[in-house]
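Asks: here is a sequence with its predicted model. Questions after.
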Amino acid sequence: MLKAYLSAIQGPTLDTPSEIVNVPLQSTLGQWLALYRAQIEHPVVQRWQNEQNIDQSALLTINPTTGALTAQVGKEKKHFALTDMSGWGQVSAPLLAAARVIAPGNVDELQVQFGTGSIHVNVAVVSNFQGEPPPKTLAQTRALIRRLNQNQAFDPIPNDDRLRPASSRSAQALEQHKQNAAKFYISAPQALTYKRLAIDVANTLPDVRAEAKKWAESLIFQLTGKHVDADTIYLNRFKSSSTPLSQETATVTGWEHPNEEPYSSLRLPDALLKNFSEHDWDPGSLDLEAGLYMDGSGKSQKGGYGSYNQFPLAPSSVMHASWKTDFQAQMSKKIDTFWKDHLNDYEVALKGEFVFQARKQLKAFERKSPAEQALQAPEHRFTRDDYRMVMAAAPHLPLDENAPLTVEQLEAKAPVKGNVQVHALDIGGFPSSDILRFTDLGNHQQILYIPGAEPAFLKFASVEALDQWIAEQTKNVKKSQALLAHFPLITRQNHEPSTLEYIGRALAPEASLFLKLFIGLPNKVEGLDSIFQKLSTDKLEPGAAEHSSLHKIEGDAFASIANASKVRMASDADSVIKSNSEVTRDTWLNDVTVAAGLLAKLAPIAAPVAAAAVVTGLTELTLGAEKEYSGDTEAERKDGASKAFDGLLNTLFGVGTMAPLKDSFISPEEKPLAPIPGESPRIVKPEANRLRPSHVGNISQYAVADGEQLIENAPCNAKGIYQVKDGTTGEDHWFIRFTDTTGVRQVYEIKGNFKLSNEYVQIIQRETGKPVMTVYSTAEGEWRVNEILGGKRHRGRTLPPEHDTYMNRILSGNAARDFNGDPAVTGQIRRWFRRDMDIYYIDLETNGMPARPSLPVMTINSTPESAIRRTLSQPGVRGLVLGEIHDEPAAYQLVIDQMQKFKDSGVTIIYVEGAPFIQGSSNIADAALLPSDAPNFGQHVYNPDYTGGPTLVDIINEADKHGIKVIGLEHQQLTWRTDNPMKMNLFTHPRGAEFRLKEFNYHAAKIIEQTPPGEKFVAIVGKDHMNTYDGVPGIAEQTGGVGMSVTPSLKGSSSIVSQPPNTPPPTLKFLRGTSIPEPYGDIHVDYNIDALTY
């Protein structure tokens, strides 16, 4: 190797070195390159290249860091990514593992030339492999040649070189890679076949909405000769009409609607699907009452609807043209063709998803500690016995949750076996098209399989418990709609018995009892919408709607679901396109948008097909699992869907990344950097936590892309921490494997300041280094989030712990995942929180409020600037609590205008009502909000008296310019009460003031108390939270702050500072719509905002 390298760097002359090295095959690098060549030439990879039309005589370029491939396809270079739908990710793991040994570090490009009995690489590849910095000058080249010739060897690679550990390139490692590759290539073709099967189904899946859009655009072109986007044209219907005042404002219909809001506004494709009514057929009626416009609803006060925003085509023309197209027949043909060609593939996708969800849910449950398992809702505790029970639906598949499957196994049909029965879930006699109900014939336990739900399996001790769960779902709008989505549209309405007979035959042909049920029934049978409404209002007892003995599945369960999906797609398309029921069409079509078409609603398609549809760009839907993909952009959605899909492939077929080699490594605490002489130690400010309430528990968006490949050959310690050196900067990075609430185990980077003696590390956002979540090590070498500690049991009710306060738990960073959606857990924590709060207020009442700081005296000449400066300069004042009326912009504008004054006065944090406190860290600085967070928490909706005003984004941006953090004061369940928002409404709930004032003031005060000593704060809250109101101590009084109420001054008046009795009192104002005077603070400011006032 040395001789070949020297030959290359010397070249014919030192001035013209060769760039290519003929690598001796017996050398260490030669052996790894030979392995790399064997994997590129493996039949599985060769077959894949042939399918992609890759020119195999041209050089392949691999990016070992990202796993991307660049190859010659025809006359162009084509790029393949691990997450695209080409299948590169399913065939590349072994050769990428070898590439990362050959080219360690952040190498962007690896090219290898293969000859007969020879392998050639660029000289830089050899330099990198040997740890030799490539010479950049002639002098460096001469020195390198002298040293290598003198030593007759490359310098030994240091023991602390973590990019090139000896264990990763040893003979044993080489042999292990060969064995791993052999196993991988047994399963890889299966994963690739399944992926392509799902993609093919997704590509050909009929999409009624997309076809309706094409239809609408075709009609517009026929009538106008224009190519348009039909989703930008609205059919608006009105209850009155006016004649245009002049020829200049004339419209094609002869009518305009200047100050009227349309009572119906549909995009043109949706209007065509909805059909035109018989009333529309009357000559002149449609054009009188409707028009085609470029605007939907919302323009009645902004010019209305007339010539300026019309689409110049009479709606009656579109109606008459649409009659010439039998759209229903076209869609029926497409649907029939789809099922004829893809029914078997669809069944395979269904079965694969079922097994994946069962395996994932079992593994997620067994990874939890007993304490964590106990915290789960009873229906979520999916044990190994439960796993065995549901796998009775696929008795021909191995029970081992880690056993790789084949597509042939998934294609095989088998009836349900064992002491288990499987039914289609039915409610009111209507069978679901895809929810399976499992019954243990021994103990009568029930398990539901709900495709697309998270979790997919729910367990119930009895049919009665299941009945109760169904009744509970109907009382929540979102849960009710989610459950109804698993039933055909035709079942939603009241029907004749003959309709039910049709549904029964179509969806469960083997259930003969179904037909007998309706003999002798009255003329009308209630549909699911009516049944759900009665269950939700307790007019129907739980269980009265569920006929548990019906729709038993005797044959293959997945063939049954596929058949039901087939019939449902045709039925739903019929309902949507030409139903005679206005109720059904209005209910269904009014929530149809461009981004969320009819795909999910027309067929409960298998999740792998849904993921394929997202990744290939066919749809943005995730079919009931949208929370699983946390990204907001199209690229993020596709990446999330791709990762979820790859997780399924890895679970089913045992493919994924190559197994890493472990080695000892040096912890960052063991090699501190020495400070530069004469330089002060660098103090790093704590950075904000990235974990947001909507993502608590699901941090998959922060997983390292291709993380398994990155850590594959990295040394690993006993706690499962991997160390990787940056090939460019030489800096060390540390990584762990962690499973979040999605159940997918992924690689995350952690902050480098951990200590091995500690039991926790901080997961960070790799691009910025910002903390995301603190996780704790377990005795099993896993990482988990610290859970709620639990409490004493008393007569079956869980009570909170006796001595710790829940606010301590929040402020220590340990409460981020306490709320899991289980009402019992929510109730337990809320009792704990309110017990602490009650004790706190009793203590204030008994021992008195904290001493108030002395206030400077204001005069009639005081200004807001001087009032702020003088107040915050007082030694005993911790901060200012600004009280506002939320629909007035004065307080926000004052804060923006005076930001520099705040900074000069020592303010480091601004706290705000209406935004959540970001949990997950014991450092208050980690709760800082970002500008991107603000839209999630809503904007100030200002009174019409004002032209608008600053938003939370403006506050955050301006504060950031001055080095000031903005932190929220709300808690989703404890102050916002998102599970029961009526209880926080001050006006509609009889105890609203108590709930809101006491809970928010206590929660906010405890957060504000975390302001570091010596630093000042500003808090922006409603005026009733500022000082004592309705007997509830105010935030200013609890925190050593000063209450400063802020009100807009009269237009044309300057800003005025008031402090009775030192100044005249401010003008008395009443809370809008009441006779209640507005609260005033210790200091009051009428602040001039003429620029924002009409």
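Replies: Okay, I see it. Because the structure is a prediction, the values reported are computed rather than measured.
Asks: so how far is residue 967 from residue 764?
Replies: 20 Å (C-beta to C-beta, to the nearest Å). (C-beta placed from N, C-alpha, C; glycine too.)
Asks: with residue 904 instead?
Replies: From residue 904 to residue 967 the distance is 20 Å (C-beta to C-beta).
Asks: the two: who's more crowded?
Replies: A direct count of neighbours by other C-beta atoms under 10 Å for residue 904 and residue 967 places residue 967 higher, at 25 against 14.
Asks: buried residues in the host helix or strand of residue 272?
Replies: Here residue 272 is covered by helix 268-274, with elements defined by DSSP states H and E. Across helix 268-274, burial judged by 16 or more other C-beta atoms under 10 Å covers 268, 269, 270, 271, 272, 273, 274.
Asks: make CSV out of the residues you listed and add distance to residue 130 and pLDDT.
Replies: As requested, these are exported to CSV (distance: C-beta to C-beta, whole Å; pLDDT from 0 to 100):
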residue, distance to residue 130, pLDDT
268, 67, 93
269, 63, 89
270, 65, 86
271, 70, 87
272, 69, 86
273, 67, 80
274, 71, 76
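Asks: out of those residues, which comes closest to residue 50?
Replies: Nearest to residue 50 out of the buried residues of helix 268-274 is residue 269 (C-beta to C-beta; 41.1 Å).
Asks: ok, the closest one touching residue 207?
Replies: No: applying C-beta atoms under 8 Å, one finds residue 269 not in contact with residue 207, separated by 11.2 Å.
Asks: not counting sequence-adjacent ones, nearest residue to residue 317?
Replies: Among residues not flanking residue 317 along the chain, residue 223 sits closest, at 5.6 Å (C-beta to C-beta, 6 or more residues apart in numbering).
Asks: in which helix or strand does that neighbour reside?
Replies: Here residue 223 is assigned to helix 208-224, by DSSP H and E.
Asks: so what are the sheet partners of the helix or strand following that helix and their directions?
Replies: Counting by DSSP H and E, the next helix or strand C-terminal to helix 208-224 is strand 234-237. When pairs are called by DSSP bridges, strand 234-237 turns out to pair with strand 264-267 (antiparallel), strand 290-293 (antiparallel).
Asks: of these, flag the one that's most buried.
Replies: strand 290-293 (a mean of 25; mean count of other C-beta atoms under 10 Å).
Asks: CA atoms of it as CSV?
Replies: This file holds the C-alpha atoms of strand 290-293, laid out as CSV (Å, rounded to 0.1, in the frame of the first residue of the first chain):
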residue,chain,number,x,y,z
ALA,A,290,-75.3,32.1,-7.9
GLY,A,291,-72.2,33.1,-9.8
LEU,A,292,-68.7,31.9,-10.6
TYR,A,293,-66.1,34.0,-8.7
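Asks: going forward can the numbers begin at 854, since that is how I track them
Replies: Fine by me, first position is 854 from now on; the one you just mentioned is strand 1143-1146.
Asks: what distance separates that strand from the centre of its chain?
Replies: With C-alpha atoms, centre = their mean, to the nearest Å as the basis, strand 1143-1146 stands 38 Å off its chain's centre.
Asks: hmm, who's touching that strand?
Replies: The contact list for strand 1143-1146, computed with C-beta atoms under 8 Å, 6 or more residues apart in numbering, reads 1086-1091, 1104-1106, 1108, 1110, 1121, 1158, 1162-1164, 1166-1168, 1171.
Asks: pull out the buried residues from the helix or strand just after it.
Replies: Using DSSP H and E, the helix or strand that directly follows strand 1143-1146 along the chain is helix 1168-1175. Using 16+ other C-beta under 10 Å as the test for burial, helix 1168-1175 gives 1168, 1169, 1170, 1171, 1172, 1175.
Asks: helices of the stretch 904-1053 of the chain, start to end?
Replies: 941-944, 946-955, 976-983, 991-1004, 1024-1057 (DSSP state H, counting those that start in this stretch).
Asks: any chance of these in a markdown table, plus mean neighbour count?
Replies: Shown next, in a markdown table, are these (neighbours: other C-beta atoms under 10 Å):
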| stretch | mean neighbour count |
| --- | --- |
| helix 941-944 | 25 |
| helix 946-955 | 26 |
| helix 976-983 | 21 |
| helix 991-1004 | 13 |
| helix 1024-1057 | 19 |
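Asks: can you put those in JSON lines and add distance to residue 1411?
Replies: As requested, the helices of the stretch 904-1053 of the chain are exported to JSON lines (distance: least, C-beta to C-beta, whole Å):
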{"stretch": "helix 941-944", "distance to residue 1411": "23"}
{"stretch": "helix 946-955", "distance to residue 1411": "29"}
{"stretch": "helix 976-983", "distance to residue 1411": "50"}
{"stretch": "helix 991-1004", "distance to residue 1411": "65"}
{"stretch": "helix 1024-1057", "distance to residue 1411": "14"}
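Asks: how far away from the center of its chain is the host helix or strand of residue 891?
Replies: Secondary structure from DSSP H and E places residue 891 in helix 881-893. Distance of helix 881-893 from its chain centroid, counting by C-alpha atoms, centre = their mean, is 41 Å.
Asks: any idea of the angle it forms with helix 976-983?
Replies: 110 degrees (axes from the mean of the first three to the mean of the last three C-alpha atoms, to 10 degrees).
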